[in-house]
Every structure is written in structure tokens, then in C-alpha cells.
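*Asks:* compute the structure for the input listed below.
(chains A and B)
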Amino acid sequence: GAGVSQSPSNKVTEKGKDVELRCDPISGHTALYWYRQRLGQGLEFLIYFQGNSAPDKSGLPSDRFSAERTGESVSTLTIQRTQQEDSAVYLCASSLGGRPDTQYFGPGTRLTVL
Amino acid sequence: GESVGLHLPTLSVQEGDNSIINCAYSNSASDYFIWYKQESGKGPQFIIDIRSNMDKRQGQRVTVLLNKTVKHLSLQIAATQPGDSAVYFCAETRSGGYNKLIFGAGTRLAVHP
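*Replies:* Just a heads-up that it's a prediction; the model follows:
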């Protein structure tokens, strides 16, 4: 596709359930980022992947959050034992290398934890 | 702690007027700044950037001003149009290699006809 895509666009889950969010980056983009955006707030950095380097996981809020990336393609963000405070829009972005000016965002996945 | 913040959470303007959105940052090590526009239901979209060796940069109908002395950044939109209605974020980082973007809370711009 021409841009970053994310699925699902919306996810409603019950507290305590696990969820998986998917990101398909722009082809050829070596860097991939996950952010969380709570309602009415800015973006919180979660994790960054760059090629085969060890990911920067410094933004993950707890050990319930994890992410994987297969090579330079699809990434999955997993939240285990979801809590109500996990409700937010989860945004994925990809870029050429680590250049922030080439960072393109997907439309996000809106997660609602009941 | 280090943060990027905004003076105004909402800004209402008349169509055709100029808009100014402000942002303050506290990390003096930041030397690269970006403004993003986020429309409802979409991800943020890059608008314009500026490096710390500049104090002004212009794009199409947008101008970013950087005042390093007081750690202040502004986005000026000329002849604001209804399509400019969105939330605007500033973000800061340090250039050179990979460095995380730190985003501000955002300002909602509402353009009235």
C-alpha cells in the first residue's frame, strides 16, 4: 500500500483480555514506531524498531506491553491482561532510517477496554 | 522533567484570519522541531520542521518561528481555511542518529466561516 496501515481500526475488549494490534509500514521503511495517544492528549512513545538492531523499548509502560517486528515488515503490539487505563488510540509510524522528518503515521487503532 | 507543552489548548479563528499556535519546550539539548497536524480519526501529518540553527522557516501558508533564548516555538498559518481545522502538535528531538520525538499535548484549531 501507499501508506502505513493498521488493523483493526477499532477494538473493544473486556478487562483482563489480551489484544494484538497490527501495523504494516511503508515498504522500504526500515524504522517503525509505536505510540499511544490518550483522549485529548499528545503522543506517548512506546517502542522503536530499526532494522536488525535491538529495539528501543524504553517507552513501554509495563511488562504487559510487548511488540515484535518481522524483519522490516509487519509489527504487532500485544497488550496482555488489558486494563481500563489502556484505552487509547495506538498509532504506528514508519520512516526511512531514524529520520523523524520522514516519519509517516498510520490511522491508528482505537482500543476500548470495558 | 523534560517536556514540550502548549500555551493554548484550543484556538478559534475566523476563516481568512491568521492563526498562531504556540509551544514551549524545556530540553535545551533539543535542536530539531517538527509541527504535525492531526485531523479527526487520522494519524498526525508532518507540516514543517526547523533546526536550531534557524529562527524562521516558511512553507506554503505556514511559518515556524523558533526562539531558542526563551525555548519557544510557534506555528503561523496564513489565511486560515476550514480545512485547517485540526489538532496541532509540536515535537522536539535531538538530531544525529536516532532520537525519540517528544510530543506536546496539542492545540485544537477551530476555523469558523
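
*Asks:* and the residue of chain B nearest chain A?
*Replies:* Per CB to the nearest CB, residue B:43 is where chain B lies closest to chain A, at 2.9 Å. Using the backbone N, CA and C atoms, a C-beta is placed for each residue, glycine as well.

*Asks:* measure residue A:112 to chain B for me?
*Replies:* 15 Å (CB to the nearest CB, to the nearest Å).

*Asks:* bridged to the closest residue to residue A:55 other than its chain neighbours, which residues?
*Replies:* Among residues not flanking residue A:55 along the chain, residue A:49 sits closest, at 4.9 Å (CB to CB, 6 or more residues apart in numbering or on different chains). According to DSSP bridges, the partner residues bridging residue A:49 are residue A:32.

*Asks:* counting neighbours, what do you get for the closest residue to chain B within chain A?
*Replies:* Chain A approaches chain B most closely through residue A:105 (2.9 Å), counting by CB to the nearest CB. Residue A:105 has 23 neighbouring residues, counting by other CB atoms under 10 Å in any protein chain shown.

*Asks:* surely it and residue A:93 touch.
*Replies:* Yes. The pair residue A:105 and residue A:93 qualifies as a contact (CB atoms under 8 Å) at a distance of 4.5 Å.

*Asks:* give the intersection of the neighbour lists for these two.
*Replies:* Shared contacts of residue A:105 and residue A:93 (CB atoms under 8 Å, 6 or more residues apart in numbering or on different chains): A:4, B:43.

*Asks:* residue contacts, the one residue sitting closest to the centre of chain A?
*Replies:* Centroid-nearest residue in chain A: residue A:34, 3.2 Å away (criterion: CA atoms, centre = their mean). By CB under 8 Å, 6+ apart, the contact set of residue A:34 is A:23, A:46, A:47, A:48, A:67, A:75, A:77, A:90, A:91, A:92.

*Asks:* and residue B:37, how many residues sit next to it?
*Replies:* 20.

*Asks:* pretty sure it contacts residue B:45?
*Replies:* Yes. Contact status for residue B:37 versus residue B:45: in contact at 5.0 Å, counting by CB under 8 Å.

*Asks:* and chain A, which residues reach chain B?
*Replies:* For chain A, the residues in contact with chain B (CB under 8 Å from any CB of the partner chain) are A:4, A:31, A:35, A:40-45, A:48, A:50, A:56, A:58-59, A:91, A:93, A:97-98, A:100-101, A:103-108.

*Asks:* tell me, what's the model's pLDDT at the residue lying closest to the residue of chain B closest to chain A once chain neighbours are set aside?
*Replies:* In this structure, residue B:43 finds its nearest non-sequential neighbour in residue A:105, 2.9 Å apart by CB to CB, 6+ apart. Predicted confidence (pLDDT) for residue A:105: 94.

*Asks:* residue contacts, residue A:105?
*Replies:* A:4, A:91, A:92, A:93, B:42, B:43, B:44, B:45.

*Asks:* buried among these? Make that a PyMOL selection.
*Replies:* Provided next is the PyMOL selection string for whichever of the contacts of residue A:105 are buried by 16 or more other CB atoms under 10 Å in any protein chain shown:
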select buried, (chain A and resi 4+91+92+93) or (chain B and resi 43+44)
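
*Asks:* strands - which of the contacts of residue A:105 land there?
*Replies:* A:91, A:92, A:93, B:45 (DSSP state E).

*Asks:* closest to residue A:15 among those?
*Replies:* residue A:91 (22.5 Å; CB to CB).
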